[in-house]
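Asks: Need coordinates for the following:
(chains A and B)
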Amino acid sequence: MTQKIAELTCRQTTYIVCAARDQPISETERQQLEHHLQGCKLCTAAAAQFSAVFAQVDAFLGKETI
Amino acid sequence: MAMASSDGGAEAHAWRELTGERPFLMRLARMQLSSPADAEDAVQEALLAGAAGWSGYQRTSSVRSWLAGILRFKIIDAIRSRRAQTHRFESVSEEEMAFNLDALFTAEDAWHPAVLVDSVCGSVMLERRQLLDLVEICMNRLPEQTAQLFLMREYLGMELPEIEQTCTISSGNLRVLLYRARMRLRDCAVRGWGELN
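Replies: Model prediction:
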């Protein structure tokens, strides 16, 4: 039997995406995020934007190159 | 100055290139260290370390990013050895609260379609330098207190409990301010991509 994944709001996905910079997200959070992103084009776009901005911040601060 | 090259002209050129980044490095250091003298010391140490390591600098990153990486360790050393004082957190500033996160979302907490700029990234269209300049502009727009905490985490790589202790900030306030910093940076950068493209 598969367990039902609790639905997140878009705002809640931003909490997880941002907090993942500070500590690893849990398996439950990962599943919830993935589930939400599958059905939400706006969050898919926002997640890509966050990813790009974070990579640029890392490059700017001399942590990684882009 | 201890540079590996025996060519005085090249050394002078390298030193000019390094010291040209001093204002940027001072801005970074001042965000972390409350005393200008401490910030000056950290930057001077970073520039001297940069000069000493110049011959090994591979130019895979900009001089600015390379020096920022060196400065990071100087600031961390100063903070951890308690040679330097950091800014103390008092309360969330009015300037911070002026940024209205609620405007980004609908009443149901979905992204507001009218405000979510549907630009994935300007990385294809924009030069790397433009992207990094934009990051700097956006970071400079963060309220000072937010920027300081954000950089302690993202630049110095300090763990949250250490930041809480160093700045005497509660865990809840720290998490809120880091979240707000990232939301503001995304918002600013995405708008910038749209304007630069």
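
Asks: near chain A at all, stretch B:185-196?
Replies: Yes - interface with chain A: stretch B:185-196 contributes B:185-186, B:189-190 (CB under 8 Å from any CB of the partner chain). All C-beta spots, glycine's among them, are computed from the backbone N, C-alpha and C.

Asks: Keep only those of these that are in helices.
Replies: B:185-186, B:189-190 (DSSP state H).

Asks: Let's have these in CSV, adding neighbour count and pLDDT.
Replies: Shown next, in CSV, are these (neighbours: other CB atoms under 10 Å in any protein chain shown; pLDDT from 0 to 100):
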residue, neighbour count, pLDDT
B:L185, 24, 96
B:R186, 23, 94
B:A189, 27, 92
B:V190, 24, 89
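
Asks: B:I137 contacts B:E195, doesn't it?
Replies: No - B:I137 lies out of contact with B:E195 (CB atoms under 8 Å); the separation is 10.9 Å.

Asks: which element is residue 15 on?
Replies: By default, I'm working from chain A. Per DSSP states H and E, A:Y15 falls inside helix A:10-19.

Asks: was after chain B, sorry
Replies: Element membership for B:W15 (DSSP H and E) is helix B:8-19.

Asks: Please say which of B:I137 and B:E195 ends up with more neighbours.
Replies: In this comparison of B:I137 against B:E195, neighbours counted by other CB atoms under 10 Å in any protein chain shown, the higher total goes to B:I137 at 12 against 8.

Asks: what's the following helix or strand after the helix or strand containing B:E45?
Replies: Element membership for B:E45 (DSSP H and E) is helix B:36-52. Counting by DSSP H and E, the next helix or strand C-terminal to helix B:36-52 is helix B:63-80.
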